[in-house]
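Colleague: what shape does this take:
(chains A and B)
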Amino acid sequence: DQQVKQNSPSLSVQEGRISILNCDYTNSMFDYFLWYKKYPAEGPTFLISISSIKDKNEDGRFTVFLNKSAKHLSLHIVPSQPGDSAVYFCAASPRTAGNKLTFGGGTRVLVKP
Amino acid sequence: DTGVSQNPRHKITKRGQNVTFRCDPISEHNRLYWYRQTLGQGPEFLTYFQNEAQLEKSRLLSDRFSAERPKGSFSTLEIQRTEQGDSAMYLCASDTFTDTQYFGPGTRLTVL
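Modeller: Coordinates of the predicted model:
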């Protein structure tokens, strides 16, 4: 069973506009959520995280929103830049249980100049 | 310290051969993780260590897979009698309780 789902396999956005990536989870034990960015033939690069005690976290152009009641989180990138073109993974963990990450299937983002 | 490193970056082997991968975590990180990623999927957890103790193994980790972290620093992942289904990217990551999990560049395994 897929405990973390990213229902949009791809997203295309114009440079300068907002990219919104969505992620849903089912496991109520998850209390820590992360977004990673991945280029081909490289390992995932950490972008931003959020703890379940918050509903929003910002870091520069990246903002993550968490809706615990809906078991949903989203990543906003604004403004989008061509260098943001990559695959984005949502991940979740029960942080007190070893921080093992469960990943979604990824969303491929293409930012057009 | 420049982050998590993995060697080799690429490995091509024939079915039935044994392969071993190495991971060097960020030096102050006491927890080390192995994940596997196949094409079009997100990484899947395989196993993790806290210091030298292997605390959890996924059901994905068949008897042909073994991981060690003998001195609580670097780790090795060995696959015996490789099968074509083992072809994947093997990712290593490390963290502490208070730090974010950072990933290495991965080892791409191709089993012919």
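
Colleague: not counting sequence-adjacent ones, nearest residue to the residue of chain A found nearest chain B?
Modeller: Among the residues of chain A, A:Phe103 lies nearest to chain B; the distance is 3.2 Å by C-beta to the nearest C-beta. Glycine gets a C-beta too; all of them are placed from N, C-alpha and C. Once its chain neighbours are removed from consideration, A:Phe103 has its nearest residue in B:Gly42; the separation is 3.2 Å (C-beta to C-beta, 6 or more residues apart in numbering or on different chains).

Colleague: outside of stretch A:68-80, which residues touch it?
Modeller: Outside stretch A:68-80, the residues within contact range by C-beta atoms under 8 Å, 6 or more residues apart in numbering or on different chains are A:13-26, A:28, A:33, A:35, A:47-48, A:50, A:52, A:55, A:61-67, A:84, A:88, A:90, A:109, A:111.

Colleague: now the buried members of those.
Modeller: Burial of those was assessed by neighbour count (16 or more other C-beta atoms under 10 Å in any protein chain shown); the buried members are A:13, A:19-25, A:33, A:35, A:47-48, A:50, A:61-66, A:84, A:88, A:90, A:109, A:111.

Colleague: just the strands in the chain please.
Modeller: Let's take chain A. Along chain A, counting by DSSP state E, strands occupy A:4-5, A:10-14, A:19-25, A:32-38, A:45-51, A:56-59, A:62-67, A:72-77, A:86-93, A:102-103, A:107-112.

Colleague: please go with chain B instead
Modeller: Taking DSSP E to define them, one finds strands in chain B at B:5-7, B:10-13, B:19-24, B:31-37, B:44-50, B:53-57, B:65-68, B:75-79, B:88-95, B:102-103, B:107-111.

Colleague: with mean neighbour count and distance to A:Asn7 added, can I get those in CSV?
Modeller: Shown next, in CSV, are these (neighbours: other C-beta atoms under 10 Å in any protein chain shown; distance: least, C-beta to C-beta, whole Å):
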stretch, mean neighbour count, distance to A:Asn7
strand B:5-7, 17, 31
strand B:10-13, 14, 32
strand B:19-24, 19, 32
strand B:31-37, 25, 19
strand B:44-50, 21, 19
strand B:53-57, 13, 28
strand B:65-68, 17, 31
strand B:75-79, 20, 32
strand B:88-95, 24, 23
strand B:102-103, 21, 24
strand B:107-111, 18, 28
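
Colleague: tell me which of those sits nearest to chain A.
Modeller: With C-beta to the nearest C-beta, the closest approach to chain A among the strands of chain B belongs to strand B:102-103: 3.8 Å.

Colleague: related to what we said a few turns ago, need the per-residue pLDDT for the residue of chain A closest to chain B.
Modeller: Per-residue confidence (pLDDT) for A:Phe103: 97.

Colleague: and it, how far from B:Phe103?
Modeller: Using C-beta to C-beta, to the nearest Å, we find A:Phe103 at a distance of 11 Å from B:Phe103.

Colleague: same question, A:Pro82
Modeller: Taken as C-beta to C-beta, the spacing of A:Pro82 relative to B:Phe103 amounts to 23 Å.

Colleague: which secondary element of chain B has the worst mean pLDDT?
Modeller: Every helix and strand of chain B was ranked by mean pLDDT, DSSP states H and E. The lowest is strand B:53-57, at a mean of 92.

Colleague: parallel or antiparallel, which strands does it pair with?
Modeller: Strands adjacent to strand B:53-57 in the sheet, as given by DSSP bridges, are strand B:44-50 (antiparallel).

Colleague: can I get the CA coordinates of the partner strand in PDB?
Modeller: What follows is strand B:44-50, C-alpha atoms only, in PDB (Å, rounded to 0.1, in the frame of the first residue of the first chain):
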ATOM      1  CA  GLU B  44      12.300   2.700  -1.000                       C
ATOM      2  CA  PHE B  45      13.800   2.100   2.500                       C
ATOM      3  CA  LEU B  46      16.000  -1.000   2.800                       C
ATOM      4  CA  THR B  47      17.700  -0.700   6.200                       C
ATOM      5  CA  TYR B  48      19.200   1.600   8.700                       C
ATOM      6  CA  PHE B  49      21.900   1.700  11.400                       C
ATOM      7  CA  GLN B  50      22.400   3.700  14.500                       C
END
